[in-house]
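Peer 1: Got a predicted structure here, sequence first:
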Amino acid sequence: MPSPLSSRTKSEEPPETPLADMPARDKLGALLELAHHRKRALVLTHDNPDPDSLAAAVGLTFLLERKGGLQAHAAYGGIIGRSENLALVKVLHLPVVPVSQVVFDEYDLLGLVDTQPPTGNHSIPPRYPVDIVVDHHPLRDGSLQAPFADVGGDFGATSTMVVEYLRAARLEPSAEMATALFYGIKTDSRDLGRQTTPRDVEAYLWLFPRVDKHLLGRIEHPDLPAEYFRLYHLAIERAKLYGDTVVVADLKDIYTPDMVAEVAERLMSLEGVKWSLAYGTYQGSLYVSLRVRDRRMNAGRLMRELCENRGGSAGGHGSMAGARLPLPASRDAAARLKRKLLRDFLQAFGATGQAPRSLLAGDT
């Protein structure tokens, strides 16, 4: 018996006018029209989700339930490993489950947030078509195959897009949901200091009085496992400087994939650095994270160029990007892959031929 997700009518084809160019009220109307006569919706984050992805998924399921009349659930692939992200889910009791608990054939509407079908950074099996894509990252052409593809546009966070839907629907989020959406915008925009648009600021200010400040404090300052400090010790010990503007950290084996992004972000604070690259291995895959302060370079584009032709999935935008690549089973082959990838990044950074030196060296 075919899945309810395996067929679409002509009325469910993508609209001629890009959704990203429409007012929020029109987007909401298109979304609810698509949800009409559907019964059960599943919304997935990208794998190893960050706060923006988790909050957007929970917010979208809330909207589909309240305005679409569906049963809606949120799920994620990979793991939630970073302490702040775990605290977000636990402290706010976010209704999100691992994809291992999902039976896809039970749903007749499938959504994806904060990523897009062509990236591969999600756990939707290939035979299930995606109906809804909501993502603030640059548009991938394949995403337009979804009947509802609100992608790109003037947003620094996917949570901002969901907030606009909720406001258009005149839905009041609970304090827990408002806190999640607020934290999603806050972290993705680095406290409104990175790739922030007026729409992000407006959503942030609308949410602020609705946020539970006590719960937010518990999320932002969680208890940290011993592995966290050991990994940071390793990161600082292994960090290499190329010239004065490039820092690279090979983290070896990591206990959670999202620590790669945290280390790349932290090393970006080093005085004079314009390029921060971190990578580490988790369960047979190489996770790579890049931060850029050079306005001439687009981190997302560079990550896609260097990683997707190696069989990996990649995504990002101007100043930040990430990727996941399958590692060869052979230790020597895996080491060669990492050396070649580092060489290509250094070439893009203009650091080819510069001898690396330890971050801990006295002449830094």
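Peer 2: Everything's here; your move. Numbers count the residues shown, from 1 in each chain.

Peer 1: any chance you could map the strands in this structure?
Peer 2: Along the chain, the stretches classed as strands by DSSP state E are 40-44, 71-76, 96-98, 109-113, 132-135, 148-151, 240-242, 246-253, 275-282, 285-292, 313-316, 320-326, 356-358.

Peer 1: could I get the ones you listed as a markdown table with distance to Ala87 and mean neighbour count?
Peer 2: All C-beta spots, glycine's among them, are computed from the backbone N, C-alpha and C. Formatted as a markdown table, these follow (distance: least, C-beta to C-beta, whole Å; neighbours: other C-beta atoms under 10 Å):
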| stretch | distance to Ala87 | mean neighbour count |
| --- | --- | --- |
| strand 40-44 | 21 | 24 |
| strand 71-76 | 16 | 23 |
| strand 96-98 | 14 | 16 |
| strand 109-113 | 20 | 27 |
| strand 132-135 | 24 | 26 |
| strand 148-151 | 29 | 25 |
| strand 240-242 | 32 | 21 |
| strand 246-253 | 22 | 19 |
| strand 275-282 | 21 | 25 |
| strand 285-292 | 21 | 25 |
| strand 313-316 | 24 | 24 |
| strand 320-326 | 21 | 23 |
| strand 356-358 | 33 | 15 |
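
Peer 1: so can I have JSON lines of these showing distance to Leu224 and mean pLDDT?
Peer 2: Output for the strands of the chain, formatted as JSON lines (distance: least, C-beta to C-beta, whole Å; pLDDT from 0 to 100):
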{"stretch": "strand 40-44", "distance to Leu224": "28", "mean pLDDT": "98"}
{"stretch": "strand 71-76", "distance to Leu224": "21", "mean pLDDT": "97"}
{"stretch": "strand 96-98", "distance to Leu224": "22", "mean pLDDT": "96"}
{"stretch": "strand 109-113", "distance to Leu224": "27", "mean pLDDT": "97"}
{"stretch": "strand 132-135", "distance to Leu224": "30", "mean pLDDT": "96"}
{"stretch": "strand 148-151", "distance to Leu224": "35", "mean pLDDT": "96"}
{"stretch": "strand 240-242", "distance to Leu224": "25", "mean pLDDT": "96"}
{"stretch": "strand 246-253", "distance to Leu224": "16", "mean pLDDT": "96"}
{"stretch": "strand 275-282", "distance to Leu224": "18", "mean pLDDT": "96"}
{"stretch": "strand 285-292", "distance to Leu224": "19", "mean pLDDT": "95"}
{"stretch": "strand 313-316", "distance to Leu224": "26", "mean pLDDT": "82"}
{"stretch": "strand 320-326", "distance to Leu224": "22", "mean pLDDT": "91"}
{"stretch": "strand 356-358", "distance to Leu224": "25", "mean pLDDT": "94"}
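
Peer 1: Now render the ones you listed as JSON lines, adding distance to Pro51.
Peer 2: JSON lines is the format used below for the strands of the chain (distance: least, C-beta to C-beta, whole Å):
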{"stretch": "strand 40-44", "distance to Pro51": "16"}
{"stretch": "strand 71-76", "distance to Pro51": "12"}
{"stretch": "strand 96-98", "distance to Pro51": "12"}
{"stretch": "strand 109-113", "distance to Pro51": "12"}
{"stretch": "strand 132-135", "distance to Pro51": "15"}
{"stretch": "strand 148-151", "distance to Pro51": "20"}
{"stretch": "strand 240-242", "distance to Pro51": "30"}
{"stretch": "strand 246-253", "distance to Pro51": "21"}
{"stretch": "strand 275-282", "distance to Pro51": "19"}
{"stretch": "strand 285-292", "distance to Pro51": "16"}
{"stretch": "strand 313-316", "distance to Pro51": "16"}
{"stretch": "strand 320-326", "distance to Pro51": "14"}
{"stretch": "strand 356-358", "distance to Pro51": "33"}
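
Peer 1: And those strands: which comes nearest Leu171?
Peer 2: strand 71-76 (13.3 Å; C-beta to C-beta).

Peer 1: What angle do strand 40-44 and the closest one make with each other?
Peer 2: With axes from the mean of the first three to the mean of the last three C-alpha atoms, to 10 degrees defining the directions, strand 71-76 sits at 20 degrees from strand 40-44.

Peer 1: from the middle of its chain, how far away would the worst-scoring helix or strand of the chain on mean pLDDT be?
Peer 2: The least trusted helix or strand in the chain, going by mean pLDDT, DSSP states H and E, turns out to be strand 313-316, with a mean of 82. Strand 313-316 sits 9 Å away from the centroid of its parent chain (C-alpha atoms, centre = their mean, to the nearest Å).

Peer 1: for stretch 243-251, same thing?
Peer 2: 23 Å.

Peer 1: ok so, going back, indicate each strand paired with the least confident helix or strand of the chain and its parallel or antiparallel sense.
Peer 2: Here strand 313-316 has these sheet partners by DSSP bridges: strand 320-326 (antiparallel).

Peer 1: For Asp105, give its distance to Pro125.
Peer 2: Here the criterion is C-beta to C-beta, to the nearest Å. By it, Asp105 lies 10 Å from Pro125.

Peer 1: These two - which one has more neighbours?
Peer 2: Neighbours per residue, other C-beta atoms under 10 Å: of Asp105 and Pro125, the larger number sits with Asp105, 13 against 8.

Peer 1: So what's the predicted local confidence for the more buried one?
Peer 2: Looking at Asp105, its pLDDT is 96.

Peer 1: cool, Pro4 as well?
Peer 2: Per the predicted model, pLDDT is 54 at Pro4.

Peer 1: Now do the helices in the stretch 1-150 of the chain.
Peer 2: Taking DSSP state H, counting those that start in this stretch as the criterion, the stretch 1-150 of the chain carries its helices at 24-35, 51-68, 83-92.
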